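> Requesting a structural model of the entry that follows:
(chains A and B)
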Amino acid sequence: DSGVTQTPKHLITATGQRVTLRCSPRSGDLSVYWYQQSLDQGLQFLIQYYNGEERAKGNILERFSAQQFPDLHSELNLSSLELGDSALYFCASSPWGTGENEQFFGPGTRLTVL
Amino acid sequence: AQKVTQAQTEISVVEKEDVTLDCVYETRDTTYYLFWYKQPPSGELVFLIRRNSFDEQNEISGRYSWNFQKSTSSFNFTITASQVVDSAVYFCALRGPNAGNMLTFGGGTRLMVKP
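The predicted structure is shown next:
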């Protein structure tokens, strides 16, 4: 158990809908990262937040957005969902926002868009 | 840009065999960090090891060992006396300041250990 929690574990929804994925980092970690794992794109970095502020952005679509709250939990919002958004979404956390820290991953949320 | 290549998409071995998973990386950073993660069939990503670019000492942890060679930009992972429980997808990853400290993953190597 990494100490990172993600809810829900599974999510099934329809195209055009909007969903919110939630992540609680390990106790004491200030940095939260979101990744998408799909069969065709592999594991891709989406976005990073550090202590409430956006720190780095990767291949995140404009239909997707995220935020980190004062209690350090984070939410990833996916809107106007398409079939291709079906994937496993991981949240990870680390103590700081810099490169030397390993990131500890949550169990993931499997999103299925029908 | 940084890139991680895991040329072996799938490896199948019989229990107790040794197996090496290859990882080759590209980066313009002089300081960077390399990682290995394991993804068992249950789906979670489990951190295995972190290596700094300025520390080329090889590391051994039980049946696991890692060989970091800066000259060839490789960070290979060896499992000695493999077990069925080692069956998983293994990811090599790279993180450096030039890419905003984001973690760049290789495509993964699926290891199947047969009894």
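> which residues touch residue B:77?
B:20-21, B:23, B:36, B:48, B:64-67, B:90, B:92 (C-beta atoms under 8 Å, 6 or more residues apart in numbering or on different chains). Where C-beta positions appear, they are placed from N, C-alpha and C, glycine not excepted.
> Could you point out which of the residues you listed is nearest to chain A?
Using C-beta to the nearest C-beta, residue B:48 comes nearest to chain A of the contacts of residue B:77, at 9.3 Å.
> hang on, isn't that closest one packed against residue B:38?
Yes: with contact defined as C-beta atoms under 8 Å, residue B:48 reaches residue B:38; the gap is 5.6 Å.
> Spit out the residues that contact those two alike.
Common neighbours of residue B:48 and residue B:38 (criterion: C-beta under 8 Å, 6+ apart): residue B:90.
> Who does the lowest-mean-pLDDT helix or strand in chain B pair with, and is each partner parallel or antiparallel?
Every helix and strand in chain B was compared by mean pLDDT, DSSP states H and E; the lowest is strand B:59-61, with a mean of 87. Take DSSP bridges as the rule and strand B:59-61 pairs in its sheet with strand B:64-69 (antiparallel).
> buried residues in the partner strand?
B:64-68 (16 or more other C-beta atoms under 10 Å in any protein chain shown).
> any bit of stretch B:21-34 sitting next to chain A?
Yes: interface with chain A: stretch B:21-34 contributes B:31-33 (C-beta under 8 Å from any C-beta of the partner chain).
> Just the closest of those to residue B:15, please.
Residue B:15 has its nearest neighbour among the residues of stretch B:21-34 next to chain A in residue B:33, at 32.4 Å by C-beta to C-beta.
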